[in-house]
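[1] generate coordinates for the sequence data below:
(one chain, ligands or ions: 2)
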Amino acid sequence: MYRQALVDHVSSSSFTKEFTTYTIPKEDGQSLYPFVFNDMMGLEKGDGVLVDDVKLALRGHMRDDYKFNRQSKLSEDDPFYNKNPSTNDKVHVLVLVIDANTVSMMKDEIVFRDIRREASDLGIPQVAIFTKIDEACPEIKKDLKNVYKVQSLEQKMEQFSATLGIPVNCIFPVKNYHKEINLNSDIDSLILSALKHIIQCGDDFINLKKSNERLTCFNKV
Ligand SMILES: Nc1nc2c(ncn2[C@@H]2O[C@H](COP(=O)(O)OP(=O)(O)OP(=O)(O)O)[C@@H](O)[C@H]2O)c(=O)[nH]1
Ligand SMILES: [Mg+2]
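    Ligands and ions are numbered 1, 2, ... in the order given. Reported below is the predicted structural model:
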């Protein structure tokens, strides 16, 4: 269990205000896993992150620790603007994290679609994570193994997929560790299944880019 990102239990607006990169150390404590998570401000309730800032982040222009400003997007002369992003600075998978309890009341579809379109234009794969599935459904709260048996959750995933165009097999239900002290293999298997898929999508994206670059070189020769 790894608690790096601060969370907030009460805030109705976005608690995360900065663009933060998280790395995960390996068990040996000496090295890091070869992927990072970039966390950003939420999209919610008209007072979340600016879509233009998400687009800049996707292209790798946003430096770590940038504090989001609702009034204007990150400008090119800002010290947090990375003019020449490397492959590592760019985003390889876009992950939309959605509260399973409020997904049917979601008002951000247009914003989501706009961000998705930008990611698609850049060829970046997209995945959605439904969180708080324990709160969304008493059967799941009782036993997390019921996750793929509960029809109401399946319907929510299908509805979300139809609205946003993300295939149902790219939507992952997850219960986060939020009050537990000990590890639990049912919680882990959902989280790890989502993570495995995300990493696979990122790998596929990088490999496709590499093979396209090789083809371009070949054409030039
Ligand atoms: N019951 C339950 N609570 C959760 C789950 N995931 C997160 N929480 C709680 O929900 C609250 C909000 O979580 P955050 O991680 O701050 O959510 P966030 O999307 O980063 O929110 P912002 O930073 O405000 O955009 C915290 O109190 C978490 O402990 C979950 O799967 N189940
Ligand atoms: Mg947050």
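[2] mind checking pLDDT for the closest residue to residue 63 other than its chain neighbours?
    Closest residue in space to residue 63, ignoring its immediate chain neighbours: residue 80 at 4.4 Å, by CB to CB, 6 or more residues apart in numbering. Using the backbone N, CA and C atoms, a C-beta is placed for each residue, glycine as well. pLDDT recorded at residue 80 is 98.
[3] wait, doesn't residue 80 sit right on residue 66?
    Yes. Using CB atoms under 8 Å, residue 80 makes contact with residue 66 at a distance of 4.0 Å.
[4] between these two, which contacts overlap?
    19, 74 (CB atoms under 8 Å, 6 or more residues apart in numbering).
[5] for the protein, which segments count as helices?
    Along the chain, the stretches classed as helices by DSSP state H are 51-58, 109-121, 133-136, 138-142, 151-164, 185-220.
[6] any part of the last one near ligand 1?
    No. Figure legend: helix 185-220 not in contact with ligand 1 (CB under 6 Å from any ligand atom); closest approach 8.7 Å.
[7] what's that helix packed up against?
    When contacts are defined as 3 or more CB pairs under 8 Å, 6 or more residues apart in numbering; DSSP states H and E, helix 185-220 sits against strand 126-131, strand 171-173.
[8] point to the residue nearest the middle of the chain.
    residue 95 (2.4 Å; CA atoms, centre = their mean).
[9] measure the closest residue to that residue other than its chain neighbours to residue 64 for me?
    Nearest residue to residue 95 in three dimensions, chain neighbours excluded: residue 127, at 5.1 Å (CB to CB, 6+ apart). For residue 127, the distance to residue 64 equals 22 Å [CB to CB, to the nearest Å].
[10] of those two, which one has the most company?
    More crowded of residue 127 and residue 64, by other CB atoms under 10 Å: residue 127, with 21 against 14.
[11] wait, residue 144 touches residue 190, no?
    Yes. Residue 144 is in contact with residue 190 according to CB under 8 Å; the separation is 7.0 Å.
[12] which neighbours do the two share?
    Residues within reach of residue 144 and of residue 190 at once, by CB under 8 Å, 6+ apart, are residue 175.
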